[in-house]
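>>> Sequence below, structure please.
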Amino acid sequence: MATLNLVTDIEPVESMGLGTEKRRLLVIEASRVLFLIAILVVALAFQASQGPFISLDVWLPFYVLLMTSFVLNSIYLFLFDEMEGWHGWINSTLFAYDALFVTFLIYYTGTSQSIFLFLYLVNIILCGLVFQKRGSLLLALWTSILFSFLMIVGPSAQGQNLYFAVGLNNIAFFAVAYLGGLLSEQLNFMGSELVERQKDIEALRDLNQMIVDNMATGLLTMGLDGVITQVNQAANTILEDSRLLGRPLGELFPGIYESVDLAPIARGDIPSTRLELLYRNFRNEKAIIELTLGPLRDSSKEAVGYVMTFQDMTQVKKLEYAMRQQEKLAAVGQLAAGIAHEIRNPLASISGSIQLLSSSDAYGAEDKKLMNIVLREIDRLNHLISEFLDYVRPQTRIEDPINLNNLVQDIMEFVKNSTTLPQGVEQDISLKAARLIVGNKDKLKQALLNIVMNAYQAMDKSESKLIRVSTVDLDLASKVQLRIEDSGCGMDVANKDRIFEPFHTTKTNGTGLGLAISHKILESHGASVVVESEIGKGTTFVIEFPSPDGEKTLPPKRHIA
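The predicted model follows:
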């Protein structure tokens, strides 16, 4: 039911305890319609029982009021959303009308003896929920006027009993209005506090979720069965997998249960454990994952699962390895410089003495042949020392712009015309890179030439001799990729893993320093090198160079020779 039209200046106050204003008004309006239906049923039953004594004409005004109220409330309920801004005026009118309707209902059902007197109080209480104390007191005043008028002019008006009934009911109207208003204010206050607390909780939840989502560290939570129940964005990014939820931890990290036992963590025997695992992504690329695994507990401190934080340490490990290698090379370089000096001086003396002896006529042809062998080996030893010094010597950083397409084209022309390399090799060259790279052109030429020469030498005994060389821009990574692919003999896994180690070689006359030097030069230019090889099918070098943004080179080229 509602507030009277004497208070159209009073707007509904949101009762937080009952929900939003819209929901509260809808509930009250629906309750009003249900009351009207119930009253209609009761009135029909009452008329049926009193039919011989009460004429239909007597009940006609009551039914007109009932149907009018039902129609008005139904229209309001149906057009509720379109009545935005009019709810205060409409509800005050409906509450006043309800009081008038209840007055007629009481008149037809026995006045002071009517069983429907309580509807006055229900109407006042509902008004208090909408308009609080002021609205309920005004409706109580309107109800008091209607009831007093009914009792005074009604058929049961008589003496002292009349004044007692009017006074007692009026006191009840105002008492209920006052108490209902207080209750409404308390509900509003408690509701407001509840909404504020709910907002605080939601803000904390949003902050917590924002922190979790923006963590650079991966986060996983699991049940006691080890099945993943929650992940953050960093976890998907680090593991390059968006299908983590619902998967067992052992499926994600196959070797984890060999390294850690989860039961002691859940029992609290171990607060947390830290370890490193090898992870393979969907491209079968290896990554070193450092993780911390601990118990996930509820408010009662009972373990309900596990929480794991982790990060990709691959680049860190590579940097650590590179630093260790640099330290080793620095130490070896100092040692090598001293050794080279000590070796080269005697070698120079030996070489000079042998040359002097070989020019003497005191030695025959056989002796001179042996002396020439000694001289060749001295030259070879000198060359080996030079390569070793080149390997251990720190690289001077030069950042000149380099057209990789032109550099590759020059190298391929050189090896094509070389008489010391296998002949009959078909070249398939596709130069599509549009970016420049930076570095030391001479050093890069040395590194790439060594790789191409190794590819040629690997095809020496192959029936099909084809080398494919291509360059292409990697737009997403701002890099330039160079692929060198041969159809040579290939390598097994053991040799492939050691291909860049110093002094490791599979060639009879090799020193084992060529590819090691090439790798060092490429690393000093910030390039990554991936080697793919299969015995009998050939070897592929995939080299990716960083490229400054915006630098452009020549149009794409393709050449088959």
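>>> quick one: low-confidence parts of the stretch 351-500 of the chain?
Within the stretch 351-500 of the chain, the segments meeting pLDDT under 70 span 387-388, 390-397, 476-477.
>>> Could I get the full set of strands for it?
Ranges of strands in the stretch 351-500 of the chain, per DSSP state E, counting those that start in this stretch, are 400-402, 426-431, 437-439, 466-474, 479-486.
>>> Walk me through which strands the fourth one pairs with, and which way each runs.
Think strand 466-474. Strand 466-474 sits in its sheet next to strand 426-431 (parallel), strand 479-486 (antiparallel), going by DSSP bridges.
>>> could you redo these as JSON lines and give each row distance to residue 77?
Yep, even glycine has a C-beta here, placed from its N, CA and C like the rest. Listed next are these as JSON lines, based on distance: least, C-beta to C-beta, whole Å:
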{"stretch": "strand 426-431", "distance to residue 77": "74"}
{"stretch": "strand 479-486", "distance to residue 77": "66"}
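>>> Nearest to residue 356, out of those strands?
For the strands paired with strand 466-474, the distance to residue 356 is smallest for strand 479-486, at 46.1 Å, taking C-beta to C-beta.
>>> Can you mark which positions in that closest one are buried?
479, 480, 481, 482, 483, 484, 485, 486 (16 or more other C-beta atoms under 10 Å).
>>> Out of the strands paired with strand 466-474, flag the one nearest residue 217.
With C-beta to C-beta as the criterion, residue 217 lies closest to strand 479-486 of those, at 26.4 Å.
>>> out of the strands paired with strand 466-474, nearest to residue 206?
Comparing the strands paired with strand 466-474 against residue 206 with C-beta to C-beta, the closest turns out to be strand 479-486 (37.8 Å).
>>> And the contacts of that closest one?
For strand 479-486, the surrounding residues in contact (C-beta atoms under 8 Å, 6 or more residues apart in numbering) are 404, 408, 433, 435, 437, 448, 451-452, 455-456, 458-459, 466-474, 538-547.
>>> next one: stretch 537-547
Contacts of stretch 537-547 (C-beta under 8 Å, 6+ apart): 404, 435-437, 439, 451, 455, 458, 473-474, 477-491, 522, 525-533.
>>> Against residue 500, how distant is the residue of the chain most remote from its centre?
The outermost residue of the chain, judged against the average C-alpha position, is residue 362 (85.6 Å), by C-alpha atoms, centre = their mean. Distance, residue 362 to residue 500, by C-beta to C-beta, to the nearest Å: 49 Å.
>>> Do a quick rundown of the helices in the stretch 151-300 of the chain.
Using DSSP state H, counting those that start in this stretch, the helices of the stretch 151-300 of the chain run over residues 159-214, 233-239, 249-252, 256-259, 262-267.
>>> will you turn those into JSON lines that also has mean pLDDT?
Output for the helices of the stretch 151-300 of the chain, formatted as JSON lines (pLDDT from 0 to 100):
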{"stretch": "helix 159-214", "mean pLDDT": "81"}
{"stretch": "helix 233-239", "mean pLDDT": "86"}
{"stretch": "helix 249-252", "mean pLDDT": "85"}
{"stretch": "helix 256-259", "mean pLDDT": "80"}
{"stretch": "helix 262-267", "mean pLDDT": "80"}
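>>> I'd like to know which of the ones you listed is closest to residue 514.
helix 233-239 (36.6 Å).
>>> Quick one: list the elements packing against that closest one.
In this structure, helix 233-239 makes packing contacts with strand 218-223, strand 303-312, judged by 3 or more C-beta pairs under 8 Å, 6 or more residues apart in numbering; DSSP states H and E.
>>> so which of these gets nearest residue 420?
It is, among the helices and strands packed on helix 233-239 and with distance given as C-beta to C-beta, strand 303-312, at 44.9 Å.
>>> how about TSV for the strands of the stretch 351-500 of the chain, with distance to residue 164 added?
As requested, the strands of the stretch 351-500 of the chain are exported to TSV (distance: least, C-beta to C-beta, whole Å):
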stretch	distance to residue 164
strand 400-402	108
strand 426-431	110
strand 437-439	106
strand 466-474	97
strand 479-486	98
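>>> can you tell me which of those comes nearest to residue 386?
Ranking the strands of the stretch 351-500 of the chain by proximity to residue 386 (C-beta to C-beta) places strand 437-439 first, at 22.1 Å.
>>> What are the buried residues along that closest one?
When burial is assessed from 16+ other C-beta under 10 Å, strand 437-439 yields the following buried residues: 437, 438, 439.
>>> Just send the residues you listed back as a markdown table, with distance to residue 313 too.
As requested, those are arranged in a markdown table below (distance: C-beta to C-beta, whole Å):
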| residue | distance to residue 313 |
| --- | --- |
| 437 | 28 |
| 438 | 28 |
| 439 | 28 |
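>>> nearest to residue 320, of those?
Looking across those and measuring by C-beta to C-beta, the closest to residue 320 is residue 439, at 24.0 Å.
>>> Nearest residue to the closest one in space, please, no chain neighbours.
residue 525 (4.3 Å; C-beta to C-beta, 6 or more residues apart in numbering).
>>> ok, that neighbour - contacts?
437, 438, 439, 440, 443, 444, 545.
>>> got it, and residue 102?
By C-beta under 8 Å, 6+ apart, residue 102 lies in contact with 116, 119, 120, 123.
>>> Show the average pLDDT along the helix or strand encompassing it.
Using DSSP states H and E, residue 102 maps to helix 87-108. The pLDDT scores in helix 87-108 average 78.
>>> switch to numbering from 2
Understood, numbering begins at 2; the last thing we discussed is helix 88-109.
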